[in-house]
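> fold the stuff below for me.
(one chain, ligands or ions: 1)
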Amino acid sequence: MYALRDVPGKGKGLVAIEDIPKGTRILSEKPVITTPERQRDDEWLKTHISQQVGSLSEHQRQSFFSMYNLHPYQNVAEQSLGIIRTNALPIEANGVGGGVFLEACRINHACDNNAAKNWNQYIKRHTVHALRDIPKGEEITIYYLGLDSSRSIRQRKLLEKFGFLCSCRLCSLPTEQSQESDKRLERINQLDDLIGHDGMRLNFSLRTLRYVDERVRLYNEHGPGDSGLSRAYLDAAQTAIANGDLARGRIFAERAVEGWQTAFGSDSEEVIEYGSLARNPAGLQLYGLSMKWKTSSNEVPQGLDPNDFEDWLWRREKPKKLEQLEKLADLRNRETFPGFDALPNSDSDLDFYEKVDGTYRPLRYWCFLGEITDSIRLHHLQLELMDTDGKKIPVHFYTDGRGSELAPAQIQKEYTVAVPYGKRNVFRYGNPGIRHEDPQMLKIFPVSLKKLLDLSDQIRRFSTDIDGIRMCHGCSKKSPSLKRCGKCSLFWYCDSGCQKTGWNERGHKASCRLLKDPELLGLFRRGGACDGL
Ligand SMILES: C[S@@+](CC[C@H](N)C(=O)[O-])C[C@H]1O[C@@H](n2cnc3c(N)ncnc32)[C@H](O)[C@@H]1O
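Take a look at the predicted model:
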């Protein structure tokens with residue numbers, strides 16, 4: 001795939017002698033000489049290295065002594081040490097710190113490298129993989145430094161450590177573009193700190209995901225193949241899984257693995273470890289730290305265009321295209337209508353609240369929905385509700401009337417209770433539930449939760465206008481000239497025949513009556529519902 005050639009200004013280097021596709025393992029090599037992990041003095045090192053040089057084959061010896069040496073020397077031992085200092089690549093193995101590889105050490109540096117080096121602990125070899133398609137004739141390059149840093153820092157380190165001034169594409173950018181690239185790298189590093197510190201401390205919150213989302217976008221702008229990208233996807237996977245979101249966790253883990261697969265190969269530690277995470281995201285120890293984003297592993301939306309898919313994946317709030325959709329909430333949207341486990345348990349949960357002038361205010365609207373399965377009146381009313389996840393939780397009435405403000409006819413099994421801005425509360429006795437204090441902040445609708453969710457589905461299907469076209473609730477035909485139901489204004493029909501079908505056969509008689517309740521309509525009108533129901 002490659003040959004050792006003279007490369008102008010760089011001494012020798014490896015050049016592709018055929019097209020090398022992205023992800024190809026270009027080489028896989030054992031060290032001929034190793035250096036210890038612990039710092040040793042030069043005399044000790046010289047002896048240690050001379051012993052190893054002594055046991056090289058003739059071919060290896062020749063190859064070793066033809067390697068580039070930055071350091072002056074007076075004898076063979078000093079020469080060997082100089083070659084090692086110029087060429088050694090890191091090795092992470094017990095007691096070993098670095099090693100010389102006869103082929104891999106011939107690869108020159110570029111800040112926009114087209115190949116990745118890696119010590120593979122499983123096969124005890126150094127591997128080099130193509131990060132992108134490398135056309136025949138192009139030089140193979142790797143990245144010598146640890147972290148990504150600005151042009152001036154990179155140049156200083158390369159000069160100090162390796163004695164050359166880098167002239168790669170990234171280092172040769174015009175000033176303005178180079179400053180842009182530096183800013184990007186600085187922000188990538190800053191985000192890394194924030195994810196490491198703030199993000200994880202905030203219990204893997206939405207904010208962590210925002211940081212990682214930005215980091216991934218910056219990496220993609222920066223250029224392909226940075227191994228930081230896989231790390232970033234792993235952070236995203238951990239954040240999702242810690243919140244019970246197996247669907248996104250799986251996809252993020254798959255993306256992390258895909259990057260490592262390209263850069264390190266399928267037998268690398270990263271691909272093996274995180275490949276099993278992608279197959280079984282629930283196996284992560286952090287799984288379920290919270291269940292506020294709960295999904296199953298295959299709950300992935302189908303048929304979205306790539307941009308919408310990314311918006312879903314990263315939980316980006318995006319402006320909706322349709323005016324109608326903005327007005328009418330989807331009661332199955334778990335962000336707006338979370339199950340009990342996903343509710344905040346305090347005002348300081350920054351996914352739900354922001355601090356303004358010293359007090360916490362909701363960042364957005366959310367509403368807990370649960371169906372009554374039981375009720376008890378002791379010194380206060382206690383309702384037992386079943387939420388959208390099938391979990392049963394108590395609601396304790398600590399209103400002035402202790403629950404007497406509700407008429408007995410309202411408290412019926414299978415009716416649905418809505419609690420805007422509901423919070424999880426731990427009671428001194430009994431199971432965690434909701435502590436209800438303000439009578440305005442709870443409403444009961446005479447319909448089961450299942451029927452309410454079905455109604456939500458129907459509203460989205462039949463009342464949404466897509467470029468002026470709606471679907472007839474009677475016959476499901478799409479048309480730009482339907483007429484709306486005069487009562488609820490939410491369902492549309494071709495003519496009175498279709499309206500009759502909708503009314504008598506497709507359940508609109510019952511749903512239209514329900515939708516007469518302004519408070520139920522308020523539940524669907526997300527915006528209007530922001531101040532309670
Ligand atoms: C590990 S060796 C790489 C192989 C070396 N070019 C040779 O001829 O054996 C590292 C040395 O190669 C040279 N080198 C590597 N990358 C370079 C680059 N981008 N520009 C100029 N010299 C480079 C430097 O002299 C550096 O100290």
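> any idea how far Thr336 lies from Leu369?
10 Å (CB to CB, to the nearest Å). All C-beta spots, glycine's among them, are computed from the backbone N, C-alpha and C.
> these two: which is more packed in?
Leu369 (23 against 15; other CB atoms under 10 Å).
> residue contacts, the more buried one?
Leu331, Phe337, Asp387, Thr388, Thr416, Val417, Ala418, Val419, Leu449, Leu452 (CB atoms under 8 Å, 6 or more residues apart in numbering).
> would you map the helices across the stretch 201-350 of the chain?
Assigned by DSSP state H, counting those that start in this stretch, the stretch 201-350 of the chain shows helices spanning 206-222, 227-242, 246-264, 269-279, 306-313, 323-327.
> now those in TSV, with distance to the ligand?
Putting the helices of the stretch 201-350 of the chain into TSV (distance: least, CB to the nearest ligand atom, whole Å) gives the following:
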stretch	distance to the ligand
helix 206-222	18
helix 227-242	19
helix 246-264	19
helix 269-279	24
helix 306-313	35
helix 323-327	53
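> would CSV of these with mean neighbour count be doable?
Converted to CSV, the helices of the stretch 201-350 of the chain look like this (neighbours: other CB atoms under 10 Å):
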stretch, mean neighbour count
helix 206-222, 20
helix 227-242, 25
helix 246-264, 24
helix 269-279, 18
helix 306-313, 14
helix 323-327, 14
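> TSV for those helices, including distance to Leu520?
Shown next, in TSV, are the helices of the stretch 201-350 of the chain (distance: least, CB to CB, whole Å):
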stretch	distance to Leu520
helix 206-222	29
helix 227-242	33
helix 246-264	30
helix 269-279	42
helix 306-313	28
helix 323-327	14
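> rank the ones you listed by mean pLDDT and give me the bottom one.
For the helices of the stretch 201-350 of the chain, the bottom mean pLDDT is recorded on helix 323-327, which sits at a mean of 48.
> could you point out which element follows that one?
Going down the chain from helix 323-327, the next helix or strand is strand 353-356, by DSSP states H and E.
> quick one: strands adjacent to that following strand?
Strand 353-356 has the following strand partners under DSSP bridges: strand 359-362 (antiparallel).
> got the contact list for the partner strand?
Contacts of strand 359-362 (CB under 8 Å, 6+ apart): Asp347, Ser348, Phe352, Tyr353, Glu354, Lys355, Tyr421.
> quick check: chain neighbours aside, which residue is closest to the third one?
Which is Phe352. Nearest residue to Phe352, sequence neighbours excluded (CB to CB, 6 or more residues apart in numbering): Pro344, at 4.2 Å.
> the fifth one now?
Distances taken as CB to CB, 6+ apart place Leu363 nearest to Glu354, at 5.1 Å, with adjacent residues excluded.
> ok, that neighbour to Leu343 distance?
14 Å.
> can you check Leu515 too?
27 Å.
> enumerate the residues of the stretch 101-250 of the chain near the ligand.
Contacts of the stretch 101-250 of the chain with the ligand, taken as CB under 6 Å from any ligand atom, map to Cys105, Arg106, Asn108, His109, Ala110, Phe162, Gly163, Phe164, Cys166.
> at 5 Å what do you get?
Cys105, Arg106, Asn108, His109, Phe162, Phe164 (CB under 5 Å from any ligand atom).
> coming back round to it: next, count neighbours for the residue nearest to Phe352.
Neighbours of Pro344 (other CB under 10 Å): 21.
> that one: what's it in contact with?
Contacts of Pro344 by CB under 8 Å, 6+ apart are Asp351, Phe352, Tyr353, Lys423, Arg424.
> for it, grab phi and psi.
phi -70, psi 150 (degrees, to the nearest 10).
> quick one: Gly98 is in a strand?
Yes: according to DSSP: H, G, I helix; E, B strand; the rest coil, Gly98 belongs to a strand.
> check what pLDDT the nearest residue to it once chain neighbours are set aside gets.
Spatial nearest neighbour of Gly98, excluding adjacent residues (CB to CB, 6+ apart): Ala88 at 3.8 Å. Per-residue pLDDT puts Ala88 at 92.
> quick one: contacts for the residue in the chain that the ligand sits nearest to?
The nearest approach of the chain to the ligand comes at Gly11, 2.9 Å away (CB to the nearest ligand atom). Contact partners of Gly11, counting by CB under 8 Å, 6+ apart, are Tyr68, Asn108.
> change it to 6 Å
Counting by CB atoms under 6 Å, 6 or more residues apart in numbering, Gly11 makes contact with Tyr68.
> output the lowest mean pLDDT helix or strand found in this protein.
In the chain, no helix or strand scores lower on mean pLDDT, DSSP states H and E than helix 323-327, which sits at a mean of 48.
> comparing Leu363 and Leu343, which shows the higher neighbour count?
The neighbour comparison of Leu363 against Leu343 (other CB under 10 Å) goes to Leu343, with 22 against 13.
> once you drop chain neighbours, what's closest to the more buried one?
Arg424 is the one closest to Leu343 (CB to CB, 6+ apart), at 4.7 Å.
> let me know whether that neighbour touches Asp341 as I believe.
No: assessed by CB atoms under 6 Å, Arg424 is found out of contact with Asp341, at 7.9 Å.
> which phi and psi does the residue nearest to Glu354 have?
phi -80, psi -30.
> from Cys485, how far off is it?
Applying CB to CB to Leu363 and Cys485 gives a distance of 35 Å.
> try Gly507
13 Å.
> swap in Ala247?
Ala247 is 36 Å from Cys485, by CB to CB.
> can you pull the domain assignment for the chain?
Per the record, the chain has its domains at 2-162, 175-283, 340-445, 450-530, by automatic domain parsing.
> could you tell me the end-to-end distance of the first one?
Just to be clear, that refers to domain 2-162. With CA to CA, to the nearest Å as the measure, the ends of domain 2-162 fall 23 Å from one another.
> same question, the third one
Distance between the boundary residues of domain 340-445 (CA to CA) amounts to 19 Å.
> any idea how far that domain is from the chain center?
Domain 340-445 has its C-alpha centroid displaced from the chain centroid by 31 Å (CA atoms, centre = their mean, to the nearest Å).
> contacts for stretch 422-437?
Leu343, Pro344, Asn345, Phe368, Ile393, Pro394, Val395, His396, Phe397, Tyr398, Val419, Leu442.
> so how many other residues sit close to the last one?
When neighbours are defined as other CB under 10 Å, Leu442 has 23 of them.
> same thing with the fourth one?
For Phe368, the count of nearby residues is 25 (other CB under 10 Å).
> what backbone torsions are found at it?
Torsion angles, degrees, to the nearest 10, at Phe368: phi -90, psi 140.
> contact partners for it?
Neighbours of Phe368 in contact, by CB under 6 Å, 6+ apart: Val419, Gly422.
> for this structure, give me the ranges with low pLDDT.
The model of the chain has pLDDT under 70 over residues 197-204, 224-225, 318-327, 526-533.
> give me the neighbour count for the spatially closest residue to Thr399 that is not a sequence neighbour.
Counting by CB to CB, 6+ apart, the nearest residue to Thr399 once its immediate chain neighbours are dropped is Pro439, at 5.0 Å. Using other CB under 10 Å, Pro439 has 14 other residues around it.
> now the helix or strand containing Ser181: buried residues?
Here Ser181 sits within helix 175-194, counting by DSSP H and E. Across helix 175-194, burial judged by 16 or more other CB atoms under 10 Å covers Ser178, Ser181, Asp182, Arg184, Leu185, Ile188, Asn189, Leu191, Asp192, Leu194.
> for that helix, packing partners?
With contacts defined as 3 or more CB pairs under 6 Å, 6 or more residues apart in numbering; DSSP states H and E, the packing partners of helix 175-194 are helix 206-222.
> where does the nearest residue to Leu102 once chain neighbours are set aside sit: helix, strand or coil?
Leaving out its chain neighbours, the residue that sits closest to Leu102 by CB to CB, 6+ apart is Ser63, at 4.8 Å. Secondary structure, three-state DSSP: Ser63 is helix.
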